[in-house]
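Novice: All I have is the shape, not the residue letters:
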Ligand code: HEC
């Protein structure tokens, strides 16, 4: 009996959960009601960096998911554009129109690729033997 009830519960959760809890609307957030408080260059509500286009990014890019997906990522212009295209093709992201340029500029300015390549050799010209130290 218990098994049957839990089976029904699991079934219910799986089948109806996402639909019932679905609150995402397919449009940008209304940013006028979102606090624009900035502390130490960071927008308090979202954790995004202060910069030109911030509120536009908040409106368009935090409607479906946390801003952490942005702050954890670092990409160049092509990669940010490709990510946006991917969300448009697969995740119902709307057409950003002229806003896309402002948004992508914000993203590449504040979340660019970090060069993790090997650093340049130090310009050492004097060499010494370790044993001599
Ligand atoms: C219509 C909903 C929606 C909107 C609006 C949206 N996204 Fe997404 N985005 C998604 C979904 C869904 C995922 C996949 C989430 C996951 O994997 O958990 C995602 C994933 C991402 C990722 C991670 C991609 C990866 O390869 O892991 C980034 C970065 C991202 N979004 C950035 C943005 C930016 C920037 C904007 C604003 C232009 C934006 N999102 C707006 C739905 C949206």
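Specialist: Great, that's in hand. Since the model is a prediction, treat every value here as computed from it, not as a measurement.

Novice: Count the neighbours of residue 43 for me.
Specialist: 21 (other CB atoms under 10 Å). Every C-beta, even on glycine, is put in place using the N, C-alpha and C of the backbone.

Novice: And it, how far from residue 119?
Specialist: Separation of residue 43 from residue 119 (CB to CB, to the nearest Å): 32 Å.

Novice: same deal with residue 92?
Specialist: 42 Å.

Novice: For those two, indicate the residue with more neighbours.
Specialist: The neighbour count for residue 92 versus residue 119, taken as other CB under 10 Å, is higher for residue 92 (10 against 7).

Novice: so the nearest residue to the more buried one once chain neighbours are set aside, which of the three states?
Specialist: Nearest non-adjacent residue to residue 92, counting by CB to CB, 6 or more residues apart in numbering: residue 26, 5.7 Å away. The assignment at residue 26 comes out as coil when based on DSSP: H, G, I helix; E, B strand; the rest coil.
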